[in-house]
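> Got a predicted model here, sequence first, then my questions.
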Amino acid sequence: MTSTTHHEECSAAALYVAVELSTKDWWLTMSSGPGAKRVRLRVRPGDREALVTALQQGKARLGLAPMVAVRSCYEAGRDGFWPHRLLATLGVRNLVVDSSSIEVPRRARRAKTDRLDGEKLLRLLLRYWGGEWDCWQVVHVPTPGAEDARHASRSVTTLQQERTRYRNRIHSLLALHGVVKLRIDDRFAARLAAARDWAGELLGPALQARVLETWRLLQAVEVERRARRRAERARVVGAATVGDAIAHQLTRLSGVAARAATVLADELVSRDLRNRRQVGALTGLVSAPYQSGETHLDQGLSRGGLPAVRRIAVQLAWAWLRYQPTSALSRWYHARFGRSSPGQRRLGIVALARRLMIALWRYVTRGIVPEEAVLKA
């Protein structure tokens, strides 16, 4: 959108609507412009007819024509993007806003109600359409197909987290009685029955029952996780969809496996990023500087973006050092951090992860192979 087009749209009459979403009600805070009267109406979540009626009532009470344009916004959250698609079917130009980018008072205790939140959101919406494009961050809404395609890789991530959670619970329960290094595999039940506590006694029946219950849940998660991993590898090899073709292209690089390639294809490359700064911001591997007068501090990583991409980026950076030792990125890391302390090397791997994500993004989008990187046969 050009600045001229944006100015023309802002100067035209419109109904501005801030939508506060909840499980029981949707509150619509409406106005026709800065300083104009406010109208606040409530509708049932997802009620299409009620939404149409509320928008018509808002226009009438604010003295707007029935056919005037409607511009709305809501904060990204649990409901995802289906409210956006519902509003789009009604001809509403909606924005999904990153809630962490919304300005808030810095008082230790601030008033917070649905009415105040709606008013604040409406004021920011008016400022945005008044030309302040950077007053908040607008979320890019994916297509339904792209959103659905991400569930496969996210399912594997969830199963891996559940696997770790159940294993840690078993080890914690056993550690309460001095039992350590009990291998968790298909014969775990027999090992548990013969295990001895710190005093050399057999474990109590209630403890064994609880541990076996957790182990059976772990076994079910393991079966599903292995099936998902096999399906994921088959998808990458087949490359039937655009996302799978991108993942297949990434796996041509030595050190990039199907798991990492799938996550990067679904969560990073598919988002139509325009430059390296957006790639770094999405991973959250960028510093947050603090400058005030003569004070210059680095507050560490911003930790924004997607945690799943950040985890894969750091893991992939360690793998890159192992499988791509002669690449330019690996040589840069060893020259900068190779002789440093373990703590400095861990900090360096974060810097390498950010550079690697940018290099892989360029490799997929522009066909530029990372400098001196080795491709698989």
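Ah, there it is. Numbering: from 1, shown residues only.

> longest helix anywhere in this structure?
Identified as the longest helix of the chain according to DSSP state H is helix 205-238.

> Three-state assignment for the closest residue to K24 other than its chain neighbours, please.
The shortest distance from K24 to any non-neighbouring residue, by CB to CB, 6 or more residues apart in numbering, is to P45 (7.3 Å). The C-beta positions use only the backbone N, C-alpha and C, and glycine is treated the same way. When classified by DSSP: H, G, I helix; E, B strand; the rest coil, P45 comes out as coil.

> List the contacts of P45.
Neighbour list for P45: 21-26 [criterion: CB atoms under 8 Å, 6 or more residues apart in numbering].

> ok, residues contacting stretch 106-120?
With contact meaning CB under 8 Å, 6+ apart, stretch 106-120 is reached by 18, 20, 22, 27, 29, 38, 40, 102, 104.

> Okay, buried residues for stretch 136-153 please.
Buried positions in stretch 136-153, judged by neighbour count with 16 or more other CB atoms under 10 Å: 136, 139, 141-142, 149-150, 152-153.

> Now do the longest helix of the chain: which elements does it pack against?
Counting contacts by 3 or more CB pairs under 8 Å, 6 or more residues apart in numbering; DSSP states H and E, helix 205-238 is packed against helix 144-175, helix 188-194, helix 242-251, helix 258-267.

> now the angle between helix 144-175 and that helix, please.
Angular relation of helix 205-238 and helix 144-175 on a 0 to 180 degree scale: 150 degrees, by axes from the mean of the first three to the mean of the last three CA atoms, to 10 degrees.

> Quick one: mean pLDDT for helix 205-238?
The average pLDDT within helix 205-238 is 96.

> how about that helix: buried residues?
207-208, 211, 214-215, 218, 221-222, 224-225, 228, 232-233, 235-236.

> Pull the distance from that helix to the chain's centre.
24 Å (CA atoms, centre = their mean, to the nearest Å).

> what angle do that helix and helix 258-267 make?
With the same axes, to 10 degrees defining the directions, helix 205-238 sits at 70 degrees from helix 258-267.

> what angle sits between helix 205-238 and helix 242-251?
For helix 205-238 against helix 242-251, the angle by the same axes, to 10 degrees is 90 degrees.

> can you put the helices and strands packed on helix 205-238 in a markdown table and add distance to H84?
As requested, the helices and strands packed on helix 205-238 are exported to a markdown table (distance: least, CB to CB, whole Å):
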| stretch | distance to H84 |
| --- | --- |
| helix 144-175 | 11 |
| helix 188-194 | 47 |
| helix 242-251 | 22 |
| helix 258-267 | 19 |
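
> Determine which stretch of those is the most buried.
Comparing the helices and strands packed on helix 205-238 by mean neighbour count (mean count of other CB atoms under 10 Å), helix 258-267 comes out on top with a mean of 24.

> Need the residues that contact it.
Here helix 258-267 makes contact (CB under 8 Å, 6+ apart) with 149-150, 152-154, 156-157, 229, 232-233, 235-236, 243-244, 246-248, 250-251, 306, 308-309, 312, 315-316, 319, 357, 360, 364.
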